[in-house]
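Enquirer: generate coordinates for the sequence data below:
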Amino acid sequence: MATSLPVSPSHRSGGLAIVIGVLLILAGLCAISLPLIAGIAASIAVGWLLLFAGLVHLFFGWHTRSAGAVLWKILIGLAYLFAAFYMLMHPGRGLLTLTLVLAFYLFFEGIFEAVIYAQLRRFPGAGWFLFDAIVTIVLGIMILMSWPVSSVWAIGTLIGISILFSGMTRLSYAFAGRRAAMVAPI
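Expert: Okay, here's the model as predicted:
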């Protein structure tokens with residue numbers, strides 16, 4: 001009976017994965033060290049996404065043939081475009097709004113994680129849901145209580161941490177693939 005091994009990066013792609021991992025780590029560190037710039041960049045990126053979504057809504061709204069649907073879809077598209085232009089013309093103010101939304105999102109995510117913990121508390125490992133809930137609620141409250149000042153650091157720092165961990169994950173995976181290739185029988 002053959003044993004299937006987990007898929008690992010080939011030796012040739014391992015070098016590229018290492019380069020990508022290092023670049024992601026550097027980008028994450030830059031975002032963490034310059035959180036305001038990273039936050040404004042995120043605000044601009046959200047603005048462009050809203051612009052694209054607004055244009056798509058307008059396109060499909062215009063091509064919908066039922067009278068009531070056309071009006072509502074065009075109004076939705078215009079709302080997206082208004083939000084997009086606001087975010088793109090005022091990325092700092094957009095960052096304030098994104099930070100406020102993030103604070104509420106984290107707070108309610110933490111509450112939902114606590115509910116999951118309450119439902120799973122008798123199972124092994126359920127304590128991690130409680131830990132996640134507490135950390136997420138505290139982070140949400142911390143951002144909310146220091147808002148609007150938290151807009152300077154919250155979005156950029158959290159994006160930087162995410163990018164940093166993505167880079168570390170890819171780098172670790174690439175090195176694990178190289179180690180596995182060295183010890184694998186030929």
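Enquirer: flag the shaky bits of the protein, pLDDT-wise.
Expert: Counting by pLDDT under 70, the chain shows low-confidence ranges at 1-13, 65-68, 184-186.
Enquirer: mind listing the helices for this structure?
Expert: In the chain, the segments counted as helices under DSSP state H are 11-33, 35-63, 67-89, 91-120, 127-145, 154-183.
Enquirer: who does the second one touch, helix- and strand-wise?
Expert: It stands for helix 35-63. Based on contacts counted as 3 or more Cβ pairs under 8 Å, 6 or more residues apart in numbering; DSSP states H and E, the elements that helix 35-63 packs against are helix 11-33, helix 67-89, helix 91-120, helix 154-183. Backbone N, C-alpha and C define where each C-beta goes, glycine included.
Enquirer: out of the ones you listed, the one nearest residue 47 is which?
Expert: Each of the helices and strands packed on helix 35-63 was checked against residue 47 via Cβ to Cβ, and the shortest separation belongs to helix 67-89, namely 3.1 Å.
Enquirer: thought residue 136 was touching residue 112?
Expert: No. Counting by Cβ atoms under 8 Å, residue 136 sits too far from residue 112 to count as a contact (9.1 Å).
Enquirer: more crowded one of these two?
Expert: residue 136 (20 against 12; other Cβ atoms under 10 Å).
Enquirer: tell me how far that one lies from residue 104.
Expert: 12 Å (Cβ to Cβ, to the nearest Å).
Enquirer: also residue 126?
Expert: Taking Cβ to Cβ as the measure, residue 126 and residue 104 are separated by 26 Å.
Enquirer: name the nearest residue to residue 40, sequence neighbours excluded.
Expert: The spatially closest residue to residue 40, leaving aside those adjacent along the chain, is residue 91, at 4.8 Å (Cβ to Cβ, 6 or more residues apart in numbering).
Enquirer: check contacts around the one you found.
Expert: Residue 91 makes contacts with 40, 43-44, 47, as judged by Cβ atoms under 8 Å, 6 or more residues apart in numbering.
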